[in-house]
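[1] Make a model of this:
(4 chains)
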2 protein chains.
Amino acid sequence: MIGTVFDALGDPVRRRILELLGDGERPAGAIAHALHLQFGISQPAASQHLRVLRGAGLVTVRAEGTRRIYGVDTAGLAVIQDWLARFADAFAQPLDALETELARGRRERRRTGRADAARQPRPADAPGVTA
Amino acid sequence: MIGTVFDALGDPVRRRILELLGDGERPAGAIAHALHLQFGISQPAASQHLRVLRGAGLVTVRAEGTRRIYGVDTAGLAVIQDWLARFADAFAQPLDALETELARGRRERRRTGRADAARQPRPADAPGVTA
DNA sequence: GGTTAATATAAGTCACAACTTATTTAGGAG
DNA sequence: CTCCTAAATAAGTTGTGACTTATATTAACC
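    Residues are numbered from 1 along each chain as shown, chains lettered A, B, ... in the order given. Okay, here's the model as predicted:
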């Protein structure tokens, strides 16, 4: 799960999509158009990126007629925040405890559902590991 | 810069390295050994991962005799924190303003140096974009 | 000096992910 | 029903990044 999220954010196009959605919901077409202008990629490419973001729980979709309206899903973002919290003390800051507490509260509040996701191509993978 | 950071964290092995370093500094050899056990990869592979993490400002290195002691560099982590702050209001949480403020303070306090970094393989790339 | 140990770099291989074009699915309008 | 538009899926190509083995660097020790 955490792997899926970071994997999704590893791509600049997908980060750009999230930034666009950060300004408000948008139909897939508008996203595809913006990406075509900025990266020169096609509609299917945009659609595939959106699929990855969906699988990572980083965007929400809502059908509206033939349009698919996308928005930011904080569930995925919270996963990152939680992961960063591991290093809270490395930040060596007085208020870190509070920051960690924020992440904890968020974790409880998080949505549930969602299927989809991930293959894990790499060979071995001992227990108790992030991935 | 942000691209380099997310790119680095996109790999489970590199995330695992950071988690290891989160428990305290370690020489490259110890890291390579742990990765060999958990992922079955070689010493050069580990070294290459460390190079990527260095380029992203996610780890610090210090020579000690023939050993290279690695540690977490909060500079890289702060980049993520800052990026997440874009979506602070999406979290729709009362304390978000505070959380954002934490990121801001951290930004000021950040170390300077470091060269290295990134190619940008994708074709077009309009101005004002994350990557 | 030579030898061993710790790490980094070089060079080459291969799987995969990010694209492409073509097609399918599905909803609204005439 | 047919036609158009919006979006997703299918199938195929290709660049690149994560590996490999082999070698170079650098420091310590004898």
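
[2] contacts and neighbour counts: CA atoms only from here.
    Noted.

[3] Show me the helices in chain A, by range?
    Listed in chain order, the helices found in chain A under DSSP state H are A:2-9, A:12-22, A:28-39, A:43-55, A:74-85, A:96-109.

[4] Quick one: mean pLDDT over the fifth one.
    When you say that, I think you mean helix A:74-85. What helix A:74-85 shows for mean pLDDT is 93.

[5] same question, the fourth one
    For helix A:43-55, the mean pLDDT works out to 98.

[6] And for the third one?
    Averaged across helix A:28-39, pLDDT comes to 97.

[7] between it and helix A:43-55, what angle do the directions make?
    Counting by axes from the mean of the first three to the mean of the last three C-alpha atoms, to 10 degrees, helix A:28-39 lies at 110 degrees to helix A:43-55.

[8] How about the contacts made by A:Ser42?
    A:32, A:36 (C-alpha atoms under 8 Å, 6 or more residues apart in numbering or on different chains).

[9] Could you do A:Ile17 as well?
    Neighbours of A:Ile17 in contact, by C-alpha under 8 Å, 6+ apart: A:31, A:35.

[10] Near DNA strand D, which residues of chain A? Just list them.
    By C-alpha under 7 Å from any atom of the strand, the residues of chain A that approach DNA strand D are A:27-30, A:43-45, A:47-48, A:50-51, A:66-69, A:122.

[11] Pick out the most distant pair among these.
    A:Thr66 and A:Arg122 (38.8 Å; C-alpha to C-alpha).

[12] between these two, which one's more packed in?
    The residue with more neighbours, out of A:Thr66 and A:Arg122, is A:Arg122; 11 against 7, by other C-alpha atoms under 10 Å in any protein chain shown.

[13] Check that one and give its pLDDT.
    Reported pLDDT for A:Arg122: 45.

[14] go on, A:Arg14?
    Note for A:Arg14: predicted pLDDT of 98.

[15] Name the nearest residue to it, ignoring sequence neighbours.
    Leaving aside its chain neighbours, A:Arg14 sits nearest to A:His49 (6.2 Å; criterion: C-alpha to C-alpha, 6 or more residues apart in numbering or on different chains).

[16] burial measure for A:Arg51, as a count.
    Close neighbours of A:Arg51, defined as other C-alpha under 10 Å, add up to 16.

[17] With A:Glu64 instead?
    Around A:Glu64 there are 9 residues (other C-alpha under 10 Å).

[18] Could I get the pLDDT score of it?
    Model confidence at A:Glu64, given as pLDDT, is 96.

[19] Who does it form a beta bridge with?
    A:Arg67 (DSSP bridges).

[20] re earlier: am I right that the residue nearest to A:Arg14 is in contact with A:Pro12?
    No. If you go by C-alpha atoms under 8 Å, A:His49 and A:Pro12 don't touch, sitting 10.5 Å apart.

[21] which one of the two has more residues nearby?
    Taking neighbours as other C-alpha under 10 Å, A:His49 and A:Pro12 compare with A:Pro12 leading, 22 against 19.

[22] I'd say that one and B:Ile2 touch.
    No. Look at A:Pro12 against B:Ile2 with C-alpha under 8 Å: they stay out of range, at 9.2 Å.

[23] For A:Leu18, state which of the residues of chain A next to DNA strand D is nearest.
    Closest approach to A:Leu18 among the residues of chain A next to DNA strand D (C-alpha to C-alpha): A:Leu50, at 9.7 Å.
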